Structures are given as structure tokens and as C-alpha cells.
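Peer 1: quick one, what's the 3D model for this:
(4 chains)
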Protein chains: 2
Amino acid sequence: MSRYARKVSSTPTFKRLPRAVREQQMLDAAVRVFSRRGFHAASMDEIAEAAGISKPMVYAYLGTKEELFVACLHREGTRMTEAIAGAAAPDLDADERLWRGLRAFFGFVGAHRDGWAVLYRQARGSQPFAGELAAMRARLVEVVAGMLDHALRARGREVSATDLEVVAYALVGASESLADWLADHPEADPEKTATRMMNVAWLGADQLLRGSTWRPPQQ
Amino acid sequence: MSRYARKVSSTPTFKRLPRAVREQQMLDAAVRVFSRRGFHAASMDEIAEAAGISKPMVYAYLGTKEELFVACLHREGTRMTEAIAGAAAPDLDADERLWRGLRAFFGFVGAHRDGWAVLYRQARGSQPFAGELAAMRARLVEVVAGMLDHALRARGREVSATDLEVVAYALVGASESLADWLADHPEADPEKTATRMMNVAWLGADQLLRGSTWRPPQQ
DNA sequence: AAGTGTGGTTACTCAAGCGTAACCTTACGC
DNA sequence: GCGTAAGGTTACGCTTGAGTAACCACACTT
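Peer 2: Numbers count the residues shown, from 1 in each chain, chains lettered A, B, ... in the order given. Next up is the predicted model:
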């Protein structure tokens, strides 16, 4: 007699599902639990239960807790980046592209309020995920910087790569910040938030594109 | 004979220090360790060792791990807010105040690179600390919003509280984002970063203050 | 009908690390 | 010089939860 007890599964109870389906269910559950509890406080048991499956299956398909979190981050991140990229076609004017990109971004966050936003917030801190996150942000920054660069060249001007990067970084940061605000204000309208962001971003960027700069007083 | 072994402390080895001093040493150590490892991966043992003291003393003075983290956050947060508040005297023009505030902010972050920035990043995610962090940010947002409001009234204009809050939120977010960038680029100059931020922020804000707005195309 | 691989389960192990009980010792007020 | 509180230590206990070993069963080939 083995030391493991046996259970006669009198009822075959539930459906067997193909791996791809189960993986998505698990990711859905993981995103919910990680969001509500935070990475640290979330337990694999709870995630498994929320997914309606047993823990070893989670390990079998998605690996360790960290790997699972990275998988969540990756899925959500890809969805978001695609939503934005799909909206901001490269053949439009700079302001039109920026506007559509922002609208897509805030629309996405609004639709995934407690999903994406909290995941994203989580990832900023803990080293293991910082890399994954940094890569996502880097793509966004690159896109924005490219946009600005394009607009500048169209006006016959040129700016150092670092300057562009920093401005892009600031714009992305401002957007993230407003995304947090949006996630915390369930009544707020994503579209309106996008307009507000556009106001801040474009009016500033527009000035910069025109060549005006602010200089510190008397050194 | 007790079950605890005794050690004849042949050498009285090290100095006894008053509580206030030890607390600061512990906080210094905690900030370093939390920064390097992250809240989750940091262990109380390591913090105690880094502080050159034994674990029970940490518990005796600063309480549980969470309480310790909050204490770190609180100390660093207070230092920062005071640095900013001290720099941005309320009797100056809006742009001058903004400039000095930003300079103080980036100066602080530059000086505490791996101290403050990572602590701050940590706190964003995990629920227990979100409150503490939110309070800090709320103060900053309030200050910025107040500044904008003041400048607007001086020009005889008025804007809804929500609009102000959102713009302030965006500016604070952009600054935080650049602070992250600064923390990740050891060679970068805080002063220059502040100037860059000022360019983005002020040129945009200035336009807004003048009354120009961006509107979405054909609804 | 036997064989195999994929989907599934229960019931563990085992390390990490928070928090503490019990005990020592020196400074200082009285 | 003596009591006591404040500063300090060692050596645990005990929970939590990540990760796994061992087994089950159905759906398919062949």
C-alpha cells in the first residue's frame, strides 16, 4: 500500500480541456488574484482555485510563481502594445498619431482597470520583473521619440537622441500617471482623460517642436 | 541549566548607543537593503546585520517588517517633501516656483539615487504601502495644482478643480518618470534633468495658462 | 485490447524567514 | 553600592506557502 491515499473519483465531475484553453483560464485567474492581492500576498493555491484547477497543473503549464507573473505581464503587455500600435498608423500627422495612440492607451486601461493597472504597478518595483516592464516601456518611449523626431525633421530641425528620449520618457510617464488616476477613479471617462493628456502633451510638445525653449534664470 | 547557551562576552566588543542613534542606523540599513533586494526579498536578518545589530533590537525599536518599511518610506518621504517645500517659496512667480521645486526634487533624487527611487518604486505596488505613498503624492499634486490655480487666477481665468488636479497629476507623473530615468542613469545630471522637465512642463502649462487648448478632430 | 500520452488529482516535503522567549550587562539615579 | 531600566544577545518555534512525487483515467492510436 502506497503512502498516498486513493480517491475513487465516483463522478468524473468536470471537463477535460486542451492545454491552450486552460492556460488562458489560468492567466485570467492569475491576473485577477495578483491584482487584488499583489504579487507577494497572492498564493499559488488561491490562483489555482480561482482558475478552477489544481496547483500542479499550474506548475505544469506555466511554471513557478515568478514565471507565472511574467507570463501575465507579457500577455497583458502585448495586448496593450498591439492596441496602441494598431491605432497609431505611421502615415498620419504627428498630433493625429499621438491622439489616437493616447486614446487607445486610455481605452485599454479603462477596459482593464483592475487588471492591467495594478499588474503594471506591481511590476515597477520588484527586480525580477523590472526587465520585462522596462522592455515594454522602452518600446513605447521609442515610438513616441520616433514620432517627435519625425515631426521635427519635417520642420527641418534636429535634436539630440538623448533630448528626444527624455521628452518621450516624460510624456510616457505622464500618461502612466494618468492611467493610475483613471484606474483609481471608476467613474472617470477614458476618452476624456485622453483629451486631457493630449492637452498637456501636445501643447508642450508643439512648443518644443516650434523651437521655443525654457531657460533657467541667471544660471 | 537553561536550554539557552551562554556566551561569556570576554570582550565587551562594541559600544552601546542611545535609541535615537540606533534607530537612524537601522533605517539607513533598511533603506539600503530594501533598495537592493526589494521588500519581498529583503530579510530582517540581513537588515539587522547591515545595521550592525541583532534582529530583536530591530523589532524592539521599529516593529515588524511592514512597519519598518513604512518607517523608511516615511522618513525619506518627509525629507523629500521638506526639501521641495523649502525650495519653492510661495511668494515667487509660478514659473520660478516650479523651477525651484523641480530642481530640489531632482537634486534630492540624484543625491539618494538608489535610496529613494527604489523605495518609491517599491511602494507603488504593494497595497499595505500604497496609502502612505498616495498621501505623499497627494501633497505634491496639491502643491502643483495650487500653483497652477494661483497662476490662472492672476490672469483672471478659472478652471474646474478636476481639470487642475488632472494636469497636476500628469506633471507629477512626468517628474516621477524622469526621476526613474535619472536613478537608472548614474552619469546623468540632476540639474540638467530638471531643466528638461521644466521645458516639457512649463511650455505646456504656459500654453494652458494662456487659454489655448487642443481639441479632438471631428469628434 | 493493449499501449501511450495528455489532462488531472491528492497529499505530502521542506526551506525560508518572521517574530519571540529567555537571558546578559552596563550606565546611572538615589 | 545597589536597584532598575535601557541596550544587547543567542537560540530557538512555528507558520506559510512554494514546489513535487506519486498516482489516476480517459481518449486516442495501432
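Peer 1: let's check: the centremost residue of chain A is which one?
Peer 2: residue A:77 (4.4 Å; CA atoms, centre = their mean).
Peer 1: in which helix or strand would I find it?
Peer 2: When elements are assigned from DSSP states H and E, residue A:77 belongs to helix A:65-87.
Peer 1: for that helix, the distance to its chain's centre please.
Peer 2: On the basis of CA atoms, centre = their mean, to the nearest Å, helix A:65-87 sits 6 Å off its chain's mean C-alpha point.
Peer 1: against which helices or strands is it packed?
Peer 2: helix A:19-37, helix A:44-51, helix A:55-62, helix A:94-111, helix A:118-125, helix A:127-154 (3 or more CB pairs under 8 Å, 6 or more residues apart in numbering or on different chains; DSSP states H and E). Where you see a C-beta, it was placed from the backbone N, CA and C, and this is true even at glycine.
Peer 1: make TSV out of those and add mean pLDDT and distance to residue B:114.
Peer 2: Listed next are the helices and strands packed on helix A:65-87 as TSV, based on pLDDT from 0 to 100; distance: least, CB to CB, whole Å:
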stretch	mean pLDDT	distance to residue B:114
helix A:19-37	95	26
helix A:44-51	97	31
helix A:55-62	97	32
helix A:94-111	91	30
helix A:118-125	81	13
helix A:127-154	85	12
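Peer 1: for the one residue in chain A that gets nearest to DNA strand C, which non-adjacent residue is closest in space?
Peer 2: Closest residue of chain A to DNA strand C, CB to the nearest atom of the strand: residue A:54 (3.2 Å). The spatial neighbour of residue A:54 that comes closest, neighbours along the chain excluded (CB to CB, 6 or more residues apart in numbering or on different chains), is residue A:48 at 5.9 Å.
Peer 1: what's the local residue count around the one you found?
Peer 2: Residues near residue A:48, counting by other CB atoms under 10 Å in any protein chain shown, number 20.
Peer 1: for it, give me its contacts.
Peer 2: Applying CB atoms under 8 Å, 6 or more residues apart in numbering or on different chains to residue A:48 gives the contacts A:26, A:29, A:54-55, A:57-58.
Peer 1: could you pick out which of those are near DNA strand D?
Peer 2: residue A:55 (CB under 7 Å from any atom of the strand).
Peer 1: out of the contacts of residue A:48, which are buried?
Peer 2: Taking 16 or more other CB atoms under 10 Å in any protein chain shown as the criterion, what is buried in those is A:26, A:29, A:58.
Peer 1: residue A:55 is in contact with the second one, correct?
Peer 2: No: between residue A:29 and residue A:55 there is no contact, the gap being 11.9 Å when judged by CB atoms under 8 Å.
Peer 1: distance-wise, check the residue lying closest to residue A:125 once chain neighbours are set aside relative to residue A:144.
Peer 2: Closest residue to residue A:125 apart from its sequence neighbours, by CB to CB, 6+ apart: residue B:122 at 4.3 Å. Distance check for residue B:122 against residue A:144: by CB to CB, to the nearest Å, it reads 26 Å.
Peer 1: just list the residues touching the nearest residue to residue A:59 once chain neighbours are set aside, thanks.
Peer 2: Nearest residue to residue A:59, sequence neighbours excluded (CB to CB, 6+ apart): residue A:44, at 7.8 Å. Counting by CB under 8 Å, 6+ apart, residue A:44 touches A:55, A:58-59, A:65, A:68.
Peer 1: nearest to chain B among these?
Peer 2: Distance to chain B across the contacts of residue A:44 (CB to the nearest CB) is lowest for residue A:65, with 10.8 Å.
Peer 1: residues in contact with that closest one?
Peer 2: A:39, A:44.
Peer 1: repeat the analysis, applying 6 Å as the threshold.
Peer 2: The contact partners of residue A:65, taken as CB atoms under 6 Å, 6 or more residues apart in numbering or on different chains, are residue A:44.
Peer 1: distance of it from DNA strand D?
Peer 2: Note on residue A:65: its distance to DNA strand D, by CB to the nearest atom of the strand, to the nearest Å, is 4 Å.
Peer 1: mind putting the buried ones among the contacts of residue A:48 into JSON lines with distance to residue A:112?
Peer 2: Listed next are the buried ones among the contacts of residue A:48 as JSON lines, based on distance: CB to CB, whole Å:
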{"residue": "A:26", "distance to residue A:112": "17"}
{"residue": "A:29", "distance to residue A:112": "15"}
{"residue": "A:58", "distance to residue A:112": "22"}
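Peer 1: which of those are close to DNA strand C?
Peer 2: Okay, of these, nothing touches DNA strand C (CB under 7 Å from any atom of the strand).
Peer 1: ok, residue A:23 - how many residues close by?
Peer 2: Residue A:23 is flanked by 18 other residues according to other CB under 10 Å.
Peer 1: in space, what's closest to it - neighbours in sequence excluded?
Peer 2: Nearest one to residue A:23, counting by CB to CB, 6+ apart, is residue A:61 at 5.3 Å.
Peer 1: for residue A:74, same thing?
Peer 2: Once flanking residues are discounted, residue A:74 sits nearest to residue A:132: 6.6 Å by CB to CB, 6+ apart.
Peer 1: what about the one you found, distance to residue A:70?
Peer 2: In terms of CB to CB, residue A:132 sits 6 Å off from residue A:70.
Peer 1: of these two, who's got more company?
Peer 2: Between residue A:132 and residue A:70, counting by other CB under 10 Å, residue A:70 is the more crowded of the two (20 against 16).
Peer 1: which residues does that one contact?
Peer 2: Going by CB under 6 Å, 6+ apart, residue A:70 touches residue A:132.
Peer 1: go with 7 Å
Peer 2: Residue A:70 makes contact with A:129, A:132, according to CB atoms under 7 Å, 6 or more residues apart in numbering or on different chains.
Peer 1: residues from chain A in reach of chain B?
Peer 2: Residues of chain A lying close to chain B (CB under 7 Å from any CB of the partner chain) are A:38, A:40, A:96, A:99, A:121-122, A:124-127, A:166-167, A:169-170, A:172-174, A:176-178, A:181, A:195-200, A:202-204, A:207-208, A:212-214, A:216.
Peer 1: among the residues you listed, which are in helices?
Peer 2: Using DSSP state H, A:96, A:99, A:121-122, A:124-125, A:127, A:166-167, A:169-170, A:172-174, A:176-178, A:181, A:195-200, A:202-204, A:207-208 are the members of the residues of chain A next to chain B that sit in helices.
Peer 1: out of those, which end up buried?
Peer 2: A:99, A:121-122, A:124-125, A:166-167, A:169-170, A:172-174, A:176-178, A:181, A:195-200, A:202-204, A:207-208.
Peer 1: burial measure for residue A:92, as a count.
Peer 2: Neighbour number of residue A:92 under other CB under 10 Å is 14.
Peer 1: helix, strand, or coil at it?
Peer 2: Per DSSP: H, G, I helix; E, B strand; the rest coil, the secondary structure class of residue A:92 is coil.
Peer 1: please tell me how far it sits from chain B.
Peer 2: Per CB to the nearest CB, to the nearest Å, residue A:92 is found 11 Å from chain B.
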